[in-house]
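> what shape does this take:
(2 chains)
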Amino acid sequence: MNEQLTTPERRKERIDRGIKVRTEGIYAISSWQEVAYLVLPRLVLIVGILLLPLLMPSLYWGRVISIVGIYVLLALGFDFLAHYVGLVSLGGAFFIGVGGYLAAILNKSLGLPPALTLPMATVGGALICTLLLLPALPLRGVYFAIVTLMYPLALMRIIEALNILGGTDGILGVASFPYRWLEQYLILVIVIVALFGLRRLVNEDIGLVFRGVKDNDQAVRASGLSITLYKAIGVFIASGLGSLGGAYLSHIYMWSGISQFALDFSVIPIAATVIGGGGTLVGPLLGCFILVPLSEFLRAFGTLRIVIYAVILVVFIMFRSEGIMVYAQRKYHQFERWVKV
Amino acid sequence: MDILIYGIINSFSLALMAIGFTLVYGISRLPNFAHGALYVVTGFGVWWFLNKLHLSYIVAIPLALVLMGLIGAAIYRFVLIRVRGMATSEIIATYALGLAVLEFLRWRGFRGMTYRLPVFVEGSITIGGVPVDLQRVVVVGIGIVVVTFMWLFTHYNKTGLALRGMAQDEHAAMMLGIDSDWMAVIAMGMGSILAGLSAIALLPLGNIVVEAGYNVLILSIAVCIVGGLGSWVGAIIASFMIGFLQIITVAYIQSHFHMVVALLAIIITLILKPSGLFGRQKELEERV
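Now for the predicted structure:
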């Protein structure tokens, strides 16, 4: 906080720019500048994402970009669930693991190419995750968080103990993508589509119902809509995104194993969302682009990385819970001036 | 006979683990996902006192417990108080704290056979033809003492009654002059002490490993959900159910399914009776 803010003579006043009409998302456009004002941020984002593989052509960073894309999908799913449907998922690794194993099995035992396994693993993984999480959906409170926390840990144990699905070695020899550029651009395009698709979705009618489920579920129920059904749809979307990421991961590394249930996949999306700004959907993307490369630099430190994320997470949630994007949007859409009190 | 005796022992272990979690949740509606971390930290704390500072066992245990109480109170006072009431942030904050602690310990290399606590009493006795380590008998003893103490504390002590008042209706309790934040600090401190106590009682039976943090968290959550979140009687009965089920699975099916029992117990409870066996009090609030 600025210390001038608290002086008794003057204070800072925040005013929406004139282009904004009444509410979020409705604008009165009267000139090319104003079109640019609205389009530019989105354009910068899209072009920036698409240019990344060209700017960082090395094999290593190309791989990192793909991994970032996978984390972005997870983080989008987390943000969507947490801030639009009101379900906190602590088990991103669960979605990744289910999608990854499914893609590997489809590829290895049925011999399907990635072009088929990716969509099938997405839908199939989403179905499996939604079905497994269904018992926790009719309930309010912490049950969903608890159950999502338990699944990845339990599945890891079960696979290890029963030695099914390749046991601790995992499933080796999954087909990779035919071209390197395809591997990179496919995930980036998916990320962009998912981001703008979700942004559109939450402003549609169904998005309103989702928010209703989060804020006042009795009102949704009074309208004759099933809360459980809408929560299930929300979980289906989020787990589909996660499963797609998992399937992608399997194909990139040509391998699927229990480390896909590792904690990284659960923590980084949450940290990215909190840092980037929950509820904006762009924020998690930004957070992933900050955190995942950082994670690559810290690879030598082993599990200390998770400690660092967790500490960042706690600090952000305590002191800066709004996140980067909310702050940036406020600065962009409003101007400030001093007024005499 | 094996099953009966080891079932009872296992049940008391579960009850010991879970009672701290259910105390915190019952009073401040705060799911303490750092519970497992507190458990493991106590283990390493005592180990450190014994082997690095060369304190005697009798000194190390109370010291560790007091320290855990302070840590728990500090976590609430400095971290959780800021996010109180925001369910998403509460969950993320406690989860992140627990994760930070556990993964830090893992990074420092606290794993393997080297980290053991000595048992309280050596030797074993035979009960009904089954040899039992004395340490396990001690676990049952501590379990009984803790459960009795908690019951007496919450029924005949002013602070305990205030805690129960908070658990039942926070606003009404505040109107009667009970400081809600202070009570939550006490609850969190006591919860941590209980987590520490269970660690001290149970860890001499095996090695201190970081994984135990996650296991303890899952088991205590399972017990709490089956018994009804926040219900103490329910938690104790549920720990007997899960405890015996686990021993029966290990005896008749396979020891790997130990953990699956806990998961299945949660899922089945959520499907059949989501409020748990004794969660009647908050049933209407939690069911949509």
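
> CA atoms for contacts and neighbours, from now on please.
Fine.

> show me the strands in the stretch 1-150 of chain A, by range?
Along the stretch 1-150 of chain A, the stretches classed as strands by DSSP state E, counting those that start in this stretch are A:10-16.

> remind me which residues of it are low pLDDT?
A:1-8, A:21-25 (pLDDT under 70).

> if we go to 90?
By pLDDT under 90, the low-scoring segments of the stretch 1-150 of chain A are A:1-67, A:82-83, A:85-92, A:103-118, A:134-150.

> quick one: name the residues of it near chain B.
Applying Cα under 8 Å from any Cα of the partner chain, we find that the stretch 1-150 of chain A lies next to chain B at A:82, A:88, A:135-136, A:138-142, A:145-146, A:150.

> 10 Å - rerun?
A:82-83, A:86-90, A:132-143, A:145-147, A:149-150 (Cα under 10 Å from any Cα of the partner chain).

> and the buried ones among those, selectable in ChimeraX?
Only the buried entries of the residues of the stretch 1-150 of chain A next to chain B go into this ChimeraX selection, using 16 or more other Cα atoms under 10 Å in any protein chain shown:
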select /A:82,83,86,87,88,89,90,133,134,135,136,137,138,139,140,141,142,143,145,146,147,149,150
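
> what does the stretch 51-200 of chain B put close to chain A?
B:78-83, B:87-108.

> is stretch A:298-317 up against chain B anywhere?
Yes: residues of stretch A:298-317 are located near chain B by Cα under 10 Å from any Cα, namely A:301-317.

> ok, now stretch A:215-232?
Yes: Stretch A:215-232 lies within reach of chain B by Cα under 10 Å from any Cα, at A:217-218, A:221, A:227-228.

> cool, and stretch A:280-295?
No: using Cα under 10 Å from any Cα, stretch A:280-295 never reaches chain B; the gap is at least 14.9 Å.

> may I see the buried residues of that stretch?
A:280-289, A:291-293, A:295.

> got TSV for those, with secondary structure and pLDDT too?
Output for the buried residues of stretch A:280-295, formatted as TSV (DSSP: H, G, I helix; E, B strand; the rest coil; pLDDT from 0 to 100):
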residue	secondary structure	pLDDT
A:Thr280	coil	85
A:Leu281	coil	87
A:Val282	helix	89
A:Gly283	helix	89
A:Pro284	helix	90
A:Leu285	helix	91
A:Leu286	helix	90
A:Gly287	helix	90
A:Cys288	helix	91
A:Phe289	helix	89
A:Leu291	helix	86
A:Val292	helix	87
A:Pro293	helix	86
A:Ser295	helix	82
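
> and the residue of the stretch 1-150 of chain B nearest chain A?
Here the residue of the stretch 1-150 of chain B nearest chain A is B:Ala100; by Cα to the nearest Cα that distance is 4.2 Å.

> my guess is that residue contacts A:Val314, does it?
Yes: the criterion here is Cα atoms under 10 Å, and B:Ala100 meets it with A:Val314 at 9.4 Å.

> mutual contacts of those two, please.
A:308, B:94 (Cα atoms under 10 Å, 6 or more residues apart in numbering or on different chains).

> any idea how far stretch A:144-154 is from the chain center?
18 Å (Cα atoms, centre = their mean, to the nearest Å).

> okay, now A:Thr228: neighbour count?
18 (other Cα atoms under 10 Å in any protein chain shown).

> and it, what does it touch?
A:134-139, A:213, A:221, A:234, B:288.

> also B:Tyr39?
B:Tyr39 touches B:17, B:45, B:68, B:192-200, B:203, B:210, B:212-214, B:216-217, counting by Cα under 10 Å, 6+ apart.

> in stretch A:95-107, what counts as buried?
For stretch A:95-107, burial by neighbour count (16+ other Cα under 10 Å) applies to A:95-107.

> same question, stretch A:302-313
A:303-313.

> export the residues you listed to JSON lines and tack on secondary structure?
JSON lines is the format used below for these (DSSP: H, G, I helix; E, B strand; the rest coil):
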{"residue": "A:Thr303", "secondary structure": "coil"}
{"residue": "A:Leu304", "secondary structure": "helix"}
{"residue": "A:Arg305", "secondary structure": "helix"}
{"residue": "A:Ile306", "secondary structure": "helix"}
{"residue": "A:Val307", "secondary structure": "helix"}
{"residue": "A:Ile308", "secondary structure": "helix"}
{"residue": "A:Tyr309", "secondary structure": "helix"}
{"residue": "A:Ala310", "secondary structure": "helix"}
{"residue": "A:Val311", "secondary structure": "helix"}
{"residue": "A:Ile312", "secondary structure": "helix"}
{"residue": "A:Leu313", "secondary structure": "helix"}
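
> which residue ranges form the strands in chain B?
Under the criterion DSSP state E, chain B contains strands at B:124-127, B:130-133.

> could you identify which of the ones you listed is most buried?
strand B:130-133 (a mean of 15; mean count of other Cα atoms under 10 Å in any protein chain shown).

> and that one, how far out from the chain's middle?
25 Å.

> cool, stretch A:243-250 as well?
With Cα atoms, centre = their mean, you get 14 Å for stretch A:243-250.

> with stretch B:169-177 instead?
On Cα atoms, centre = their mean, the centre of stretch B:169-177 falls 27 Å from the chain's centre.

> for it, C-alpha coordinates in CSV please.
Extracted in CSV, the C-alpha atoms of stretch B:169-177 (Å, rounded to 0.1, in the frame of the first residue of the first chain):
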residue,chain,number,x,y,z
ASP,B,169,-22.8,-23.3,17.0
GLU,B,170,-20.0,-20.7,16.6
HIS,B,171,-22.2,-17.7,16.6
ALA,B,172,-24.1,-18.7,19.7
ALA,B,173,-20.8,-19.5,21.4
MET,B,174,-19.5,-16.1,20.5
MET,B,175,-22.6,-14.4,22.0
LEU,B,176,-21.9,-16.2,25.3
GLY,B,177,-18.4,-14.6,25.4
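
> hmm, who's touching it?
Against stretch B:169-177 from outside (Cα under 10 Å, 6+ apart): B:27-28, B:162-167, B:178-181.

> what does stretch B:47-65 give?
In contact with stretch B:47-65 (Cα under 10 Å, 6+ apart) are residues B:41-46, B:67-71, B:115-120, B:189-190, B:192-197, B:200, B:208.

> tell me which of those fall in helices.
The helices, defined by DSSP state H, take in B:41-46, B:67-71, B:189-190, B:192-197, B:200 from the contacts of stretch B:47-65.

> are any of these buried, and which?
Buried among the ones in helices among the contacts of stretch B:47-65 by 16+ other Cα under 10 Å: B:41-46, B:67-71, B:189-190, B:192-197, B:200.

> so for stretch B:90-107, mean pLDDT?
Regarding stretch B:90-107, the rounded mean pLDDT is 84.

> one more: stretch A:204-214?
89.

> ok, and what's touching it?
Counting by Cα under 10 Å, 6+ apart, A:80-87, A:140, A:198-203, A:215-221, A:223, A:225-228, A:230-231, A:233-234 sit against stretch A:204-214.

> again with stretch A:37-45
Contacts for stretch A:37-45 (Cα under 10 Å, 6+ apart): A:19, A:27, A:29, A:31-34, A:36, A:46, A:48-51, A:192, A:196, A:282, A:286, A:332-333.

> report the contact partners of residue 88.
Since no chain was named, I'll use chain A. So A:Val88 contacts A:78-82, A:141-146, A:148-149, A:270, B:87-89, B:91-92 (Cα under 10 Å, 6+ apart).

> my bad, the chain I had in mind was chain B
With Cα under 10 Å, 6+ apart, B:Thr88 has these contacts: A:82-83, A:86-89, A:141-142, A:145.

> appreciated, that's everything.
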